[in-house]
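Chemist: This is a predicted model, with the sequence first.
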Amino acid sequence: VLTFFFKWRYPTGTGRDLEMSSSPLTQCLVEELTVTCHPLALQLNLLYEEVLYTILHRKGKPEPAFVADADELYEYVQKAFSMDPEEHHVILQRVRELEKPIFCLKVTVKQAKGILGKDVSGFSDPYCLLGIESKRQEPSSDSSSHPENKKPLKAVVKDMIPEDQTHRTQVINQTLNPVWNETFILDLDMEESVRHKLGELTDLHGLKRMFKEARKDKGQDDFLGNLVLRLQDLHCRNDHWYNLEPRTETHPDRGQCHLQSLMTHKKRATSLSKTQPSYTVHRHLLQQMVLYEILQHQAGSTSWDGELSKHATTILYLHAAQKDLSDFHQVMAQWLAYSKLYQTLEFNCSCLLHQITSIEYQWIQERLRPEQKAELAESFQSLLAYGISLLQKYRSVFPLSSPTSTHRLQSLLRVLLQMCKMKAFQELCTLTPNLQQMVMEALKVQGDFPSFPLQTMEENGKALVRLLVEVNGDLERCYKTWNKFFTNEIDSSMSQLTAESLFQLYISLQELYRMKSFLDGPLALTDFHQWFKEAIPKWLQKTYMIALERTQRAIQVDQLMPLGELTKHSTSTVDLSTCYAQIVKTWQQLDWPDPEEAFMIMVKFVEDMCKIALTYCKLIKTRAEELSSKQRDEGDAANRLCIVVNNVEQLRLLILKLPAQLDWGLLEQRMEGIIEPEQIEHTLHNQLQSTITCLDHEIRDVVQNLAKKLDAGISRHIQKLAASSDSKDPEDSIIPLMKFLESELQYMNQHLVQENFNCLLELLWNHVLNELTAAANQQQNSSRYYKRLKFALQVGSTWQQSMGQRPGFGGLHTANNCSLLSGFHRAWSSPFTLRLEIRSEKYGAVTIKALYRPSEQKLRVEVLNAVNLIPLDSNGPRAPFVQRTLEPRHEFPEVVARNTQCWKNELHPLFDEAFEFLVPPEKCQQAGACLLLTVFDYDKVGANDLEGEAFFPLCNVPGLTGDEEAADPARVSQTRLPLMHPKPTGDPLLKLLESRKGDKEAQAFVKLRKQRAKQSKESA
């Protein structure tokens, strides 16, 4: 378990008042704030109150890229909102009097890697605990204030935080690299004032501990590592990998864990926070900041490039964090603000492309409320209409006399084109317009030309000359300049044949551009890749179709036979690997320079390869069924399924190699600062992981089908074994079953890959155990009946382990101690074993009465007597007594052994003693749970001598099902248990436990059984 304990330290002091002055700024927030009937000044004041509240209640260590000084932020917002100093102080004082928010820490436990394996299987079952520790810490010394002198805090005890204040993640079974992705909100005690908490809480401790699932003594699980975090070291938003620290230096390398944290507010006291959604308030604040930034650039005669100042970025970052706004809603707020301001103020619209890309990659329609969908749709339609209106007068809006006109026009066309391609645009705008047709109609609007009134013939001739000069000049500009932009950006009428012919041209120009340094003269090839941008969808579609058709043809001719002795898959996987290699080569040949467009190309390639993989799985299974239906041979059908499993496994390995072959690492480096890593994770890695999961599911289905084909034969042979004559030797009865398994599995053993054969073997072994259990539960009077079943179990276990000697297979060796110890006690306490081993009371017997009281959750055991004990001394028995324990011990760690009184010189002692154990009913109902009664002969000098032992299963104890009447002591009958001596030398479970030399628990159990076996041998 991964456990966090947090101590919270608050920075002391607040921002001081400043005397600031600024000239009035044109207000552009207008009707969108709060209720429309409010005066504009009041609306602006409410927004100003919101931003001051955000600055005042800032928490966390300031990020290096942001402004740390609160006074600088106050001065900036005073200018951005055109507040005079007096009004600023009045509002600031009012904000300081408002109730402080509840500070929360939103923690996401992402994953861990390289943790210690505590189970005998080499894995662990980790989970996480999180909580806030409110404990006063002594002020640190001067030496500890320096980072290099700080020592990592060691383990903090688990009981420092009350259980009701602790959060817990899910348990991830059997892994060293668990993935949780669980989020928790940790806040302070709402009943106490924040001021009191500021004096009480000093520090933030994050203690991480990882444990096994199986609980031990008093619920303490195995410690794996810890980590201590301090609040003053945390930023407002954090996303880091942390090293886990040990309690001791025995195993210093404890692995790493990935945490994300965000400092947020709850119950903000500002008017806008109470009346409007957080997303709406953030959008209005963003719009006001952007407006101020644009006007500042215009005042300096410069064009705004879409980048906000550090002050604006800091305020928006703090507001989004405190309001816990998702990245998607922040991007959507930016789009709405920027697209609206673009229609009123002049700036480069290329900054809208980033919002378009982000919305496209994160788009999930269901995460928006209806009013947000309507707002986003209206912004699309408004910007489209405004852009078309600009194109209708492009000659005047984008004059060639201005050096930036062509770039501005190209940016506008690109924005309109990308916006119309968005999934959000197509889903929200019911009547999706034809952009190409709209642009063509806009260009048909006539421009303004000089008028030429008719005068004399000579003047009319001169006027016509001037008219023709104007027309020719305009046509030449359209041909050389305007036509290139409209054709490249909007016209998409390129045919598939044209696109395919251009691919080789692109490759040749690319090679020429790489060798430009060896040429004397300059080459006009800058951004030459843009010439071929329109052909990319055609190239990608052609690549996909070629790979898909080749895969289909390969499956049609595949006979599902292994390629050779060392190759366990068939011919179609070779062709599929070639198809994937060709796609990778196409990606490498493209080498698209624009990183954002290259990422979109990569997404398309990955999507196509995953579609081909899933199509291959479907077709190859159909091919196997087709071949089997023609030959109708069950053995050949099973063999083909083996090849299908190996083919899908080979395909899975091909998919796993794609990130390295496509060089995702380099692409992520190129996308740094353009697309967030979470978007790359969502689009590429999740798509690949989803396909891997589907392939694993397909493999499991085919393996299960293989197992089902053998289940009927196994059941038939076990039924024959059980029905064999008692006169027949058990060794002869088991031979048909073993021959069947060996013959059926011989081919699979040779031709299935290791992991899948292990899975098949496990399914078959479970079926064998189920059939033997069903046969053993049948009431039979013949002891040889049970001896045959026991012999079949032992031989089957030996066979299963021998099959598991293939490299990498563990068989029973992968089981943990808990299951083995439970299996041992279950075997010794079952009626099946008792019927086999106990045919007389050779060592005596012990009589008990057992019942369970559900109202008290107590197990009551009465030891009545013991009879016919064997004298272990020449002088007779010294002092027999009975020891009671609940087994297996790992299931009952709190229960201690209980002893009766000693009866001196008595072979038939009458104990008549009752004992109660406080245990929950579900523990008693677990498989293998039993009461172990051990009769000893007390020895004052040496070790007590063993008289015998008996096992009593707890699963059928009266009262365990909740029936109080059944737990009446007067109704419970006595149970006489014959004593036996352990002989574990041939027990396969004990041999397996003994082989685990480094496991103390297993070795202690084996040692105990050996001691008792030795005592039994000596007594015999």
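Modeler: Yep, that arrived.
Chemist: now Met438, nearest residue through space, not along the chain?
Modeler: Closest residue in space to Met438, ignoring its immediate chain neighbours: Ile388 at 5.5 Å, by CB to CB, 6 or more residues apart in numbering. Yep, even glycine has a C-beta here, placed from its N, CA and C like the rest.
Chemist: Might one say that the one you found is in contact with Val439?
Modeler: Yes - using CB atoms under 8 Å, Ile388 makes contact with Val439 at a distance of 7.3 Å.
Chemist: Okay, Ala535 and Trp592: tell me how far apart.
Modeler: Per CB to CB, to the nearest Å, Ala535 is found 12 Å from Trp592.
Chemist: which is the next helix or strand following the lowest-mean-pLDDT helix or strand in the chain?
Modeler: Scoring the helices and strands of the chain by mean pLDDT, DSSP states H and E places helix 194-200 at the bottom, with a mean of 33. As assigned by DSSP states H and E, the chain's next helix or strand after helix 194-200 is strand 237-243.
Chemist: That following strand - contacts with which helices or strands?
Modeler: Contact here means 3 or more CB pairs under 8 Å, 6 or more residues apart in numbering; DSSP states H and E; on that basis strand 237-243 packs against strand 256-266.
Chemist: Could you spell out the sheet neighbours of the strand it packs on, each with its direction?
Modeler: strand 102-113 (antiparallel), strand 237-243 (antiparallel) (DSSP bridges).
Chemist: Any idea which of those gets closest to Asp187?
Modeler: Asp187 sits nearest to strand 102-113 of all the strands paired with strand 256-266, at 4.3 Å, using CB to CB.
Chemist: Which residues in the closest one does the neighbour count mark as buried?
Modeler: Under the neighbour-count criterion of 16 or more other CB atoms under 10 Å, strand 102-113 has Ile102, Phe103, Cys104, Leu105, Lys106, Val107, Val109, Lys110, Gln111, Ala112 buried.
Chemist: Compute the inter-axis angle for the next helix or strand after it and strand 102-113.
Modeler: Scanning forward in sequence from strand 102-113 by DSSP H and E, the next helix or strand is strand 128-132. Comparing the axes of strand 128-132 and strand 102-113 via axes from the mean of the first three to the mean of the last three CA atoms, to 10 degrees yields an angle of 160 degrees.
Chemist: what distance separates strand 128-132 from the middle of the whole chain?
Modeler: Averaging C-alpha positions (CA atoms, centre = their mean, to the nearest Å) puts strand 128-132 19 Å from its chain's average.
Chemist: which residues are in contact with whichever helix or strand comes after that strand?
Modeler: Downstream of strand 128-132, the next assigned helix or strand under DSSP H and E is strand 167-168. Contacts with strand 167-168, where a contact means CB atoms under 8 Å, 6 or more residues apart in numbering, come from Val1, Tyr127, Cys128, Leu129, Leu130, Gly131, Phe184, Leu186.
Chemist: By neighbour count, which of those residues wins?
Modeler: Counting neighbours by other CB atoms under 10 Å, the top entry in those is Cys128, with 27 neighbours.
Chemist: Surely Val863 is in contact with Phe911?
Modeler: Yes - if you go by CB under 8 Å, Val863 and Phe911 touch, sitting 4.7 Å apart.
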